[in-house]
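A.B. asks: structure of the sequence below:
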Amino acid sequence: MTTAPTPHIPFLPAEVEEDGVTVADADLANSAIPRAPFKMARFTVPAGGTSSPDVHAVQEIWVVQAGIGTLVVDGTHTVLRAGSVVGFPSHAVHEAFADQGEDLDILSLWWDAPDA
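C.D. replies: Okay, the predicted model is just below:
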């Protein structure tokens with residue numbers, strides 16, 4: 001009797017970056033979807049902190065899991081709160097601020113942009 005792979009997607013151990021943001025990449029290779037067409041990570045911006053500005057050739061979506069803060073994309077400010085889903089195209093400079101006294105927990109999914 002064979003068993004189907006678990007639908008659970010494990011995460012690699014979390015690492016703390018220089019800006020204080022904690023990041024854990026999803027281990028998709030050891031999940032039920034090892035050839036997923038995207039990558040995924042979860043990260044936490046600590047209360048009062050900010051992620052470093054990021055820009056890359058991939059497209060990205062963030063799902064805010066907890067907290068409240070501000071997202072700045074190419075100079076435009078947007079409020080982030082639990083339940084927010086935001087996305088930005090390739091080469092957009094983006095940064096998250098946990099500027100409302102709470103940690104900001106975000107799930108990020110990204111994939112190669114067809115125009116990259």
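
A.B. asks: so what's the nearest residue to F38 once chain neighbours are set aside up against?
C.D. replies: Excluding the flanking residues, the one nearest F38 by Cβ to Cβ, 6 or more residues apart in numbering is W111, at 4.2 Å. Heads up, the C-betas are built off the backbone N, CA and C, glycines and all. Listed by Cβ atoms under 8 Å, 6 or more residues apart in numbering, the contact partners of W111 are 37-39, 58-59.

A.B. asks: quick one: W111 is in a strand?
C.D. replies: Yes - the assignment for W111 by DSSP: H, G, I helix; E, B strand; the rest coil puts it in a strand.

A.B. asks: pLDDT wise, what is it at?
C.D. replies: If you check W111, the pLDDT there is 96.

A.B. asks: who is it paired with across the strands?
C.D. replies: Q59 (DSSP bridges).

A.B. asks: thinking again about what came up before, which of the contacts of W111 count as buried?
C.D. replies: Neighbour-count burial within these applies to 38, 58-59; the criterion is 16 or more other Cβ atoms under 10 Å.

A.B. asks: would a markdown table of the residues you listed with pLDDT and distance to E15 be doable?
C.D. replies: Listed next are these as a markdown table, based on pLDDT from 0 to 100; distance: Cβ to Cβ, whole Å:
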| residue | pLDDT | distance to E15 |
| --- | --- | --- |
| F38 | 96 | 20 |
| V58 | 96 | 19 |
| Q59 | 96 | 24 |
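
A.B. asks: perfect, I'm done here.
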